[in-house]
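> Build me a model:
(one chain, ligands or ions: 1)
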Amino acid sequence: MANYTIGVDLGGTNLRIAAVDEAGRLIEKLTLGAQVALGRDHVVGEMCDAIRQVAERHQGSGELRGIGIGVPGIIDMHTGMVRQSPNLPDWIDYPAQSVIEKQLGTRVFLENDANSAALGEKWLGAARDFDDMAMLTLGTGVGGGIVLGGRIWRGMTGMAGELGHMTVEPDGHPCGCGNHGCLEQYASATAVVRMAKEAIAEGAMGLAQAASADPEFSAKAVYNLAIQGDEDARKIFRRVGRALGIALSGLVNALNLPMYVVGGGVSSAWEAFAPSIFEELRWRSMVYKATAPESARGGDKMLITRALLGSDAGLYGAARLPMLQ
Ligand SMILES: [Zn+2]
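Numbering: from 1, shown residues only. All right, here's what the predicted structure looks like:
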């Protein structure tokens, strides 16, 4: 009879829901399609139905302590309003929190999805032994989250942690946010595919063959070529690592945290890009040089490592939100 919460990870294609108890044990997990094209009322309606069904199934097995929802996009925490979302086109200045609370008749906690993922990795994943950490999530875009004292660092309005939009190339590739040269433009799955296409245009034979054989040419295909030793593909992941290294150097210098976690789908290519991260850090960050495991001289050591929870990080983090109130 453990108390539990319900966490929701609302993505552009999937809506995932999990009931999790206060010790972090998974009680139930389900995945639904998110039919974003049918509009926000439809998506919210489906989500609320599914949440009610999960809650009914576990009635009597403990008290439901609240609902946490990870949403992709910029959220004003004070008003519970989703200001804008890259994956949910009609969620513009949308008072999601009050709409969902009205439907469910209970308190709901909204959080940016990348912040939720950071909280998940802090609670049950790679950073579980650390109260202070930051996470980069390398997916379709690049998300970020900073956790200080076990809680998400929200900043003034809840918009802190947009680490994917730190500039790593002053006049680089244009980004959807309006800036040029954001980390996201060099370290996301989308960026890997774009850089592969750029390389093909410049005559990269291996990549060209892989792309013509595979209509859904993806970052995974580029990675497969890289591990087979294709130099053009390897170069793309060195570029990914370099961009991450530049961004992490800034974070390490600014924050001096003990733990930085890299997750998201592209992090499965860790072996291909990680050496370039550490190469950049060694010469760009004096704080890294003083605190890296190989040079900490018996003092506290900082770590940069892969995430452990995979795509469940955001789900666990969302479930954690009501527990921290
Ligand atoms: Zn950007």
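> show me where pLDDT drops low in the stretch 1-150 of the chain?
The model of the stretch 1-150 of the chain has pLDDT under 70 over residues 1.
> what sits against the closest residue to residue 302 other than its chain neighbours?
With C-beta to C-beta, 6 or more residues apart in numbering as the criterion, residue 302 has its nearest non-adjacent residue at 4.4 Å, and that residue is residue 291. (Each C-beta comes from the backbone N, C-alpha and C, glycine too.) By C-beta atoms under 8 Å, 6 or more residues apart in numbering, the contact list for residue 291 reads 252, 256, 299, 300, 301, 302.
> quick one: what helix or strand has the third one in it?
Under the criterion of DSSP states H and E, residue 299 resides outside all helices and strands.
> Report pLDDT for it.
Predicted confidence (pLDDT) for residue 299: 83.
> List the contacts of stretch 316-325.
Counting by C-beta under 8 Å, 6+ apart, 5-9, 18-20, 22, 24, 65-70, 107, 109, 111, 115-125, 150-151, 309 sit against stretch 316-325.
> same thing but 6 Å
Residues outside stretch 316-325 that contact it (C-beta atoms under 6 Å, 6 or more residues apart in numbering): 5, 7-8, 18, 20, 65-66, 68-70, 109, 111, 116-117, 119-120, 123-124.
> how about the strands of the protein, start to end?
For the chain, the strands defined by DSSP state E cover 4-10, 14-21, 26-33, 64-71, 74-76, 81-84, 108-112, 133-138, 142-148, 151-152, 259-263, 303-306.
> helices and strands around the first one, which ones?
Contact analysis of strand 4-10 by 3 or more C-beta pairs under 6 Å, 6 or more residues apart in numbering; DSSP states H and E lists strand 14-21, strand 64-71, helix 313-320 as its packing neighbours.
> And those: which comes nearest the ion?
Closest to the ion of those, according to C-beta to the ion: strand 64-71, at 18.2 Å.
> Each with direction, which strands does that closest one pair with?
strand 4-10 (parallel), strand 108-112 (parallel) (DSSP bridges).
> Alpha carbons of it, as PDB, please.
Output of strand 64-71 as PDB, limited to C-alpha atoms (Å, rounded to 0.1, in the frame of the first residue of the first chain):
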ATOM      1  CA  LEU A  64      -2.800   9.200  -5.600                       C
ATOM      2  CA  ARG A  65      -0.600  12.100  -4.500                       C
ATOM      3  CA  GLY A  66      -0.800  14.100  -7.700                       C
ATOM      4  CA  ILE A  67      -0.100  14.300 -11.400                       C
ATOM      5  CA  GLY A  68       3.000  15.700 -13.100                       C
ATOM      6  CA  ILE A  69       3.200  16.400 -16.800                       C
ATOM      7  CA  GLY A  70       6.300  17.000 -18.900                       C
ATOM      8  CA  VAL A  71       5.500  19.200 -21.900                       C
END
